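Novice: Here's a sequence, model it:
(chains A and B)
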Amino acid sequence: MPELERSTSNFAITTRDLDIYYGNFRAVKGVNLDIEPCKITAIIGPSGCGKSTVLRCFNRMNDFIPGARITGSVLFHAEDIYDPKMDAVHIRRQIGMVFQKPNPFPKSIYDNIAWGLKANGVRGRLDSLVEQSLRQAALWDEVKDSLNESALSLSGGQQQRLCIARALAVKPEIILMDEPCSALDPSATLKIEDLMRALSRNYTIIIVTHNMQQAGRASDFTAFFSMDTDRAGMMIEYGVTSQIFTNPRNKTTEDYISGRYG
Amino acid sequence: MARDTLNLQIHLIQDELLIMGSMVEEATLQAVLALKNRDINIARQIYSNDRLINEKRYSIESAILILIATQQPLAHDLRLLAAMLEISSELERMGDYAKGICKVVFNLRDIEIPIPMKDLEGMADKAVNMFHRALAAFISEDADVARAIPAEDDDVDKLFLKAQRFIFHTMLQKPEIIDHSNLLLWVAHNLERLADRVTNICERTYFVATGEFLELETEPKDIQGN
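Specialist: Reported below is the predicted structural model:
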């Protein structure tokens, strides 16, 4: 169990008394979460428990939803990312996101990576950065001879790894993944999980997943969320994945983990 | 409550484990009775029935592995299945102790030898009684009962020492049948070990109920001494 008393700057992300609202509806309440750096943290829980809402709030993706707001704090190395002085674009460069459905641009494989670099003002030497990103995403060997072909010609699993490569290209510190394998077959899923493990040497990964076996296989820490009677999502239990899956401390976690929820 | 298939399969395995447990109880008590009556035929029958206990163990093991592979049990379910895997193997070894006693009955043939029957029967009764309650506590996941039973092993150990002393005495008095006396030591040893394995079952019960491994002490204070 991560120690709450450790300094917040030791964690990649820290939330304190985090509530998230959509208009007047409180979707998530009272989240106190410390994300370990260079580890994989899984957020699991039933539909509607607010896990994706929490994930999106880690890089201010909820800013795009009218009426969405938070109270409490989200700290990125002790810096409040909701401080009005903070630049949301800058935050999203450091905290990247990979979505449920692979969403490559309808452009070439090369351009999918290069575009983000150019948009971030990188000039020259793009070839080596594109190659490096594709290698990190374990895709290079499969696409090195077809870099100019459309990204849409790739399989679903390859497209998702391309999206991971695209997120890596701008050298983030944290990668948020929202159900990254739900549209993939088992072997493509396992490839992504292997990739996550390799990336966790250098990156902090937070993954939202419905697939409990995936959380068990792929994560170091697991946060279990559930819905309270007022329909607000809340964190029920947070701990080392091996403990959560063999000996959860909370009855609701036990019921969910063992498939007896609801 | 979801997971009807998993629940049902777990109950079926628990039933099989209880059946296997009663086979072991029966074999143990019958083996001691065969020794008392010097009944080689009964001993032979129990000896060959050990095969059925072994088969039961494999069928339980196979059912558990299939359930793990197909139902992905987690948390309490996983602990329970892991514990049953372990306990089925304990029961199989306990069955071997009964089988070992039967072997002694054959090997003694009709040699005249004093047997500390009262102590051996006392050990068997006590050990089987502990075993029976330990298995019941496992099924009901009663951590308190599971914690209390191992201390009763003291009673078995005391009888073991008595039986041992009796047998040593015979060895000194009748050195010409010292090998046969030695066989009787094995009977006492097997019953003592059977009771020890009850502690292992209790430890598993505690694990299933609490999720924690706890070594339950049997306080073997008199075993080495007088």
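
Novice: give me the residue from chain B nearest chain A.
Specialist: Here chain B gets closest to chain A at one residue, residue B:211, 3.2 Å apart by Cβ to the nearest Cβ. Every residue, glycine included, has its C-beta placed from N, CA and C.

Novice: and the closest residue to that residue other than its chain neighbours, how many neighbours does it have?
Specialist: Distances taken as Cβ to Cβ, 6 or more residues apart in numbering or on different chains place residue A:247 nearest to residue B:211, at 3.2 Å, with adjacent residues excluded. Counted with other Cβ atoms under 10 Å in any protein chain shown, residues neighbouring residue A:247 total 18.

Novice: contacting residues around the residue of chain B closest to chain A?
Specialist: Going by Cβ atoms under 8 Å, 6 or more residues apart in numbering or on different chains, residue B:211 touches A:246-247, B:76, B:79.

Novice: do the same with residue B:160
Specialist: Residue B:160 touches B:119, B:123, B:188-189, B:191-192, B:223, counting by Cβ under 8 Å, 6+ apart.

Novice: what's it sitting at in phi/psi?
Specialist: Phi and psi for residue B:160, reported as degrees, to the nearest 10, are phi -60, psi -50.

Novice: ok, it to residue B:188 distance?
Specialist: Distance from residue B:160 to residue B:188, counting by Cβ to Cβ, to the nearest Å: 5 Å.

Novice: what do the two both touch?
Specialist: B:119, B:123.

Novice: Show the low-confidence segments of the chain, by residue range.
Specialist: No chain in the question, so chain A it is. Low-confidence segments of chain A (pLDDT under 70): A:1-8, A:262.

Novice: Chain B was what I was after
Specialist: Using pLDDT under 70, chain B drops low at B:1, B:218-226.

Novice: what about stretch A:130-141, distance to the chain center?
Specialist: Put simply, stretch A:130-141 sits 20 Å off its chain's centre (Cα atoms, centre = their mean, to the nearest Å).

Novice: any idea where the helices of the chain begin and end?
Specialist: In the absence of a named chain, chain A is used. A:51-57, A:88-94, A:109-119, A:126-136, A:140-143, A:156-169, A:186-199, A:212-218, A:241-246, A:251-257 (DSSP state H).

Novice: hmm, I had chain B in mind actually
Specialist: With DSSP H as the criterion, chain B has helices spanning B:4-37, B:40-71, B:75-108, B:117-140, B:143-148, B:153-173, B:178-210.

Novice: in the first one, what counts as buried?
Specialist: Think helix B:4-37. B:6, B:9-10, B:13-14, B:16-17, B:20-21, B:23-25, B:27-35 (16 or more other Cβ atoms under 10 Å in any protein chain shown).

Novice: what's the answer for the last one, then?
Specialist: Neighbour-count burial for helix B:178-210, counted by 16+ other Cβ under 10 Å, picks out B:180-181, B:183-188, B:190-209.

Novice: Over to the shortest one?
Specialist: The neighbour-count criterion (16+ other Cβ under 10 Å) identifies B:143, B:145-147 as the buried residues of helix B:143-148.

Novice: Torsion angles phi and psi at the residue of the stretch 151-262 of chain A found nearest chain B?
Specialist: For the stretch 151-262 of chain A and chain B, the shortest gap (Cβ to the nearest Cβ) falls at residue A:247, measuring 3.2 Å. Here is the backbone geometry of residue A:247 (degrees, to the nearest 10): phi -150, psi 70.

Novice: now for stretch B:28-44, what's the gap between its first and last residues?
Specialist: Taking Cα to Cα, to the nearest Å, stretch B:28-44 runs 13 Å from one end to the other.

Novice: Hmm, I typed the wrong one, I wanted stretch A:125-143.
Specialist: 19 Å.

Novice: Could you find the closest non-adjacent residue to residue A:164?
Specialist: residue A:137 (4.6 Å).

Novice: One more: residue B:36?
Specialist: Per Cβ to Cβ, 6+ apart, closest to residue B:36 is residue B:117, 5.3 Å.

Novice: cool, residue A:255 as well?
Specialist: Here the residue nearest residue A:255, using Cβ to Cβ, 6+ apart, is residue A:261, at 4.7 Å.

Novice: I'd say the one you found and residue A:46 touch.
Specialist: Yes - here residue A:261 reaches residue A:46: they are 6.1 Å apart, a contact under Cβ atoms under 8 Å.

Novice: who in chain A is up against chain B?
Specialist: A:212-213, A:216, A:245-248, A:253-254, A:257-262 (Cβ under 8 Å from any Cβ of the partner chain).

Novice: residues contacting residue B:162?
Specialist: Per Cβ under 8 Å, 6+ apart, neighbours of residue B:162: B:116, B:119.

Novice: I'd like to know how far residue A:202 sits from residue A:195.
Specialist: 12 Å.

Novice: So for those two, which sits in the more crowded spot?
Specialist: residue A:195 (21 against 11).

Novice: so what's that one closest to, chain neighbours aside?
Specialist: residue A:138 (5.0 Å).

Novice: Number of residues surrounding residue A:180?
Specialist: 29.

Novice: Just to check, it is in contact with residue A:98?
Specialist: Yes - counting by Cβ under 8 Å, residue A:98 is a contact partner of residue A:180 at 5.1 Å.

Novice: Now list whatever residues contact both of these two.
Specialist: Common neighbours of residue A:180 and residue A:98 (Cβ under 8 Å, 6+ apart) are A:160, A:164.

Novice: ok, now which ones touch the residue lying closest to residue A:150 once chain neighbours are set aside?
Specialist: Spatially, and ignoring its direct neighbours in sequence, residue A:150 is nearest to residue A:108 (6.3 Å; Cβ to Cβ, 6+ apart). Counting by Cβ under 8 Å, 6+ apart, residue A:108 touches A:147-151.

Novice: Can you flag the buried ones in those residues?
Specialist: Buried among those (16+ other Cβ under 10 Å): A:147, A:151.

Novice: For residue B:170, state which of the contacts of residue A:108 is nearest.
Specialist: residue A:151 (88.4 Å; Cβ to Cβ).
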